[in-house]
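J.: Next come a sequence and a model predicted from it.
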Amino acid sequence: MEVESGAEGQHPHQKVLEQVESFVAAGDYEAAIELLYKAVRETGDDKLTQRLVFLRIEAESPGSEMIAPEPMYEANELLNDAAAVRARLEADGYLFFRNIIPVERLLELRNQITTILAEQRWIEDGAQRMRAKAISRPRREGQPKFFRVHDRIIKLEALHSLAHDAQLMKLMRLVLGETAFPHPLCITRLIFPDSSELSTPPHQDYPNNQGTPNLTAAWIPLGDVSMEDGSLAIKEGSHKFGVLPLDFHLGAGNRQAVLSDEINACRWVGADFKSGDIVLFPALTIHRALDNRNLETMRLSVDFRFQLEEEALTPLCLQPHFERVSWEDIYKGWKSKEHQYYWKNKDYVEVPWNPALHALPEEGMFEAYLQELQYNVKLSQRQAARAEKT
């Protein structure tokens, strides 16, 4: 678009701003945002950028990103029938089971994680530490203060050994087959309350892991997690649409799947999870975190990836999450060697990583910049609103 020069004393892009306000007055926020978006990309003007950020915030209708998932199918009745379990996974793209993981193992891992969080002043310490009541501003992936915590959590023997729990392995071999094994890469989600911009967006695991599309995730909450607390939601049947293109998102992974109208027609399903519950889904299934709206406590969960031997995987899946800490450092101080380097005795096909499957569109960095600005504005607005109430 052509951007005009301004008269003396006027903003150089006054005509653009006037056009934008005329669109806003007519209620056409989409046209106003599109015009500003193009102008900011071409000019980088601070005033236009500021107006674009605030306009995008204004255009968000209350609860526009909120979803109300329908209930997940509880598959416990199928646990003695491998064929029925696998048919259900093929049909729905997920399996939900109640009371599979021993609660004492989850509580011990939660205890160790919350100890680290309290020491770093993310959560309240003392008798209520296990509640994980947040006392700091949200931390997100990529920030130094995030990695200060994550680099300690990734070393926990209780985290890595959970992937090998006997009940979990029995389930994964029922679902996938007798040679099922977990990737050494394991993921911990540390979700702050009242920070919807950072919620994990709708996405597929395949672009992040690649290898076999039969790769199956096991999502496990570390305690009771209701939908209000930001539990997991699944787009039922979405695994049937192949690998989807990506856009930037400020949440975990910094990528979201671009959903077609056909995929949007699939229903979201979810649940209020109890400690010990688990959800399984293959790498092409679209899933997301619901917003943590309880305003107080963090949502803590882990997920592991499982596959059969003789199937493909990429080298990334054999590394610690974020590749910041070596396996040698992780294993220092462990009580057992049973789960150290176990994957070296597995039979799999190592295939190269395809960066094109993980790439963002050309405007991805610009969108990242805008979302960062929007998040900071909205965080300040929420803090000011809370201060007024107190």
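T.: Okay, I see it. Numbering: from 1, shown residues only.

J.: shaky segments in the stretch 251-390 of the chain?
T.: 390 (pLDDT under 70).

J.: in it, which spans are helices?
T.: All helices of the stretch 251-390 of the chain, identified by DSSP state H, counting those that start in this stretch, fall at 261-264, 327-331, 364-389.

J.: And for the stretch 51-200 of the chain?
T.: Using DSSP H, counting those that start in this stretch, the helices found in the stretch 51-200 of the chain span residues 82-92, 103-119, 144-153, 157-162, 166-175.

J.: and the longest one, what other elements does it pack with?
T.: It stands for helix 103-119. Applying 3 or more Cβ pairs under 8 Å, 6 or more residues apart in numbering; DSSP states H and E, one finds that helix 103-119 contacts helix 144-153, helix 157-162, strand 181-191, strand 299-307. Placement of C-beta: from N, CA and C, glycine included.

J.: Looking at those, which one is packed in the most?
T.: Stretch with highest mean neighbour count among those: strand 299-307 (a mean of 23; mean count of other Cβ atoms under 10 Å).

J.: Report all helices and strands that that one contacts.
T.: Secondary elements touching strand 299-307 (3+ Cβ pairs under 8 Å, 6+ apart): helix 103-119, helix 157-162, strand 181-191, strand 216-221.

J.: Any chance of the ones you listed in JSON lines with mean pLDDT and distance to residue 294 as columns?
T.: Below are the helices and strands packed on strand 299-307 laid out as JSON lines (pLDDT from 0 to 100; distance: least, Cβ to Cβ, whole Å):
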{"stretch": "helix 103-119", "mean pLDDT": "98", "distance to residue 294": "16"}
{"stretch": "helix 157-162", "mean pLDDT": "98", "distance to residue 294": "24"}
{"stretch": "strand 181-191", "mean pLDDT": "97", "distance to residue 294": "11"}
{"stretch": "strand 216-221", "mean pLDDT": "98", "distance to residue 294": "14"}
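
J.: I'd like these as a markdown table, with distance to residue 146 appended.
T.: Formatted as a markdown table, the helices and strands packed on strand 299-307 follow (distance: least, Cβ to Cβ, whole Å):
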| stretch | distance to residue 146 |
| --- | --- |
| helix 103-119 | 11 |
| helix 157-162 | 17 |
| strand 181-191 | 8 |
| strand 216-221 | 20 |
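
J.: Which of those sits closest to residue 44?
T.: Ranking those by proximity to residue 44 (Cβ to Cβ) places strand 181-191 first, at 33.5 Å.

J.: So for this protein, the centremost residue is which one?
T.: Nearest to the centroid of the C-alpha atoms of the chain, with distances taken as Cα atoms, centre = their mean, sits residue 200, at 2.9 Å.

J.: Let me know the pLDDT of it.
T.: The confidence metric pLDDT takes the value 91 at residue 200.

J.: what's it in contact with, if anything?
T.: Residue 200 makes contacts with 189, 191, 251, 252, 253, 288, 289, as judged by Cβ atoms under 8 Å, 6 or more residues apart in numbering.

J.: Of these - the most surrounded one?
T.: Compared across these, residue 191 has the highest neighbour count, 26 neighbours, by other Cβ atoms under 10 Å.

J.: show me the contacts for that one.
T.: Contacts of residue 191 (Cβ under 8 Å, 6+ apart): 198, 199, 200, 230, 289, 292, 298, 299, 300, 301.

J.: how close does residue 313 get to residue 304?
T.: 14 Å (Cβ to Cβ, to the nearest Å).

J.: Check the contact lists of these two and give me the overlap.
T.: By Cβ under 8 Å, 6+ apart, the residues touching both residue 313 and residue 304 are residue 183.

J.: ok, back up a step: from residue 233, how far off is the residue nearest to the centre of the chain?
T.: Using Cβ to Cβ, we find residue 200 at a distance of 10 Å from residue 233.

J.: where do the contact lists of those two overlap?
T.: Common contact partners of residue 200 and residue 233 (Cβ under 8 Å, 6+ apart): 288, 289.

J.: Need the pLDDT of residue 9.
T.: For residue 9, the pLDDT comes out at 55.

J.: How about the one 5 residues further on?
T.: As summarised for this prediction, residue 14 has a pLDDT of 88.

J.: now residue 81
T.: On pLDDT, residue 81 comes in at 96.

J.: follow-up on the earlier one: the helices of the stretch 51-200 of the chain into a markdown table, with extra columns for distance to residue 368?
T.: Formatted as a markdown table, those follow (distance: least, Cβ to Cβ, whole Å):
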| stretch | distance to residue 368 |
| --- | --- |
| helix 82-92 | 33 |
| helix 103-119 | 27 |
| helix 144-153 | 16 |
| helix 157-162 | 29 |
| helix 166-175 | 36 |
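
J.: Among those helices, which comes closest to residue 207?
T.: Taking Cβ to Cβ, helix 82-92 is the member of the helices of the stretch 51-200 of the chain nearest to residue 207, at 20.5 Å.

J.: Output that closest one as PDB, restricted to C-alpha atoms.
T.: Only the C-alpha atoms of helix 82-92 are listed here, as PDB (Å, rounded to 0.1, in the frame of the first residue of the first chain):
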ATOM      1  CA  ALA A  82      -6.700 -54.600  22.500                       C
ATOM      2  CA  ALA A  83      -8.600 -54.600  19.200                       C
ATOM      3  CA  ALA A  84     -11.400 -52.500  20.700                       C
ATOM      4  CA  VAL A  85      -8.900 -50.000  22.200                       C
ATOM      5  CA  ARG A  86      -7.100 -49.600  18.900                       C
ATOM      6  CA  ALA A  87     -10.300 -49.300  16.900                       C
ATOM      7  CA  ARG A  88     -11.500 -46.500  19.300                       C
ATOM      8  CA  LEU A  89      -8.100 -44.700  18.900                       C
ATOM      9  CA  GLU A  90      -8.400 -44.900  15.200                       C
ATOM     10  CA  ALA A  91     -11.900 -43.600  15.200                       C
ATOM     11  CA  ASP A  92     -11.600 -40.700  17.700                       C
END
